[in-house]
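*Asks:* Next input, structure requested:
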Amino acid sequence: MCERGELEPEAAYEQYKKFEDELVMEYMQTAEKEVAMQSVDTSVPDKKKDSDDPPGEGPILRWVTRVVFAPGGDAWHPKNRKVKLSVTVKELGLSKYQFRRLRELVGKRYHPGRDELTITSER
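*Replies:* A predicted model of the protein is given here:
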């Protein structure tokens with residue numbers, strides 16, 4: 001409208017600011033509704049969400065493997081044989097005695113800060 005000469009630049013700017021403010025307010029209301037909807041659904045605990053996890057609470061065991069392709073077409077590489085297994089001990093549901101016994105058996109493979117047991121081995 002300003003380019004066609006129907007409005008003065010100041011009036012066009014005021015109209016634009018009004019439109020922009022309405023748009024921001026509409027977005028804020030939509031965002032507040034989404035936050036309210038998310039806060040109502042407390043049935044799912046906050047855990048790390050991986051795209052590989054099946055639906056539900058998530059896996060107890062986490063496996064990590066690597067695939068290294070060496071030049072020359074040979075598929076054998078020492079890193080291809082290494083497997084890492086991690087588990088959060090709390091998810092195992094052990095009694096106090098079982099937990100103490102597990103900690104004695106695994107030794108330094110248990111990380112108390114993360115409550116995680118990590119075992120690394122060849123396949």
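*Asks:* residues in contact with Glu91?
*Replies:* By Cβ atoms under 8 Å, 6 or more residues apart in numbering, the contact list for Glu91 reads Ile60. Bear in mind the C-beta positions are built from the backbone N, C-alpha and C, glycine included.
*Asks:* Quick check: the gap between it and Glu3.
*Replies:* 64 Å (Cβ to Cβ, to the nearest Å).
*Asks:* again with Arg100
*Replies:* Taking Cβ to Cβ, one finds Arg100 at 78 Å from Glu3.
*Asks:* Quickly list the domain ranges of this structure.
*Replies:* 1-43, 61-122 (automatic domain parsing).
*Asks:* Start and end of the last one, how far apart?
*Replies:* If I follow you right, that is domain 61-122. End-to-end span of domain 61-122 (Cα to Cα, to the nearest Å): 17 Å.
*Asks:* Packed most tightly, which of the domains of the chain would that be?
*Replies:* domain 61-122 (a mean of 11; mean count of other Cβ atoms under 10 Å).
*Asks:* With only the CA atoms kept, save stretch 12-19 in CSV.
*Replies:* Provided in CSV are the C-alpha atoms of stretch 12-19 (Å, rounded to 0.1, in the frame of the first residue of the first chain):
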residue,chain,number,x,y,z
ALA,A,12,2.5,1.8,6.8
TYR,A,13,5.2,1.2,9.4
GLU,A,14,2.6,1.5,12.2
GLN,A,15,0.3,-1.0,10.3
TYR,A,16,3.2,-3.4,9.8
LYS,A,17,4.2,-3.2,13.5
LYS,A,18,0.6,-3.9,14.5
PHE,A,19,0.5,-7.0,12.2
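*Asks:* gap between that stretch and the chain center?
*Replies:* Mean C-alpha position of stretch 12-19 versus that of the full chain (Cα atoms, centre = their mean, to the nearest Å) differs by 41 Å.
*Asks:* isn't Thr118 right next to His111, touching?
*Replies:* Yes: between Thr118 and His111 there is a contact at 6.9 Å, judged by Cβ atoms under 8 Å.
*Asks:* Now do stretch 101-110: distance from first to last residue.
*Replies:* First-to-last distance for stretch 101-110 - Cα to Cα - comes to 12 Å.
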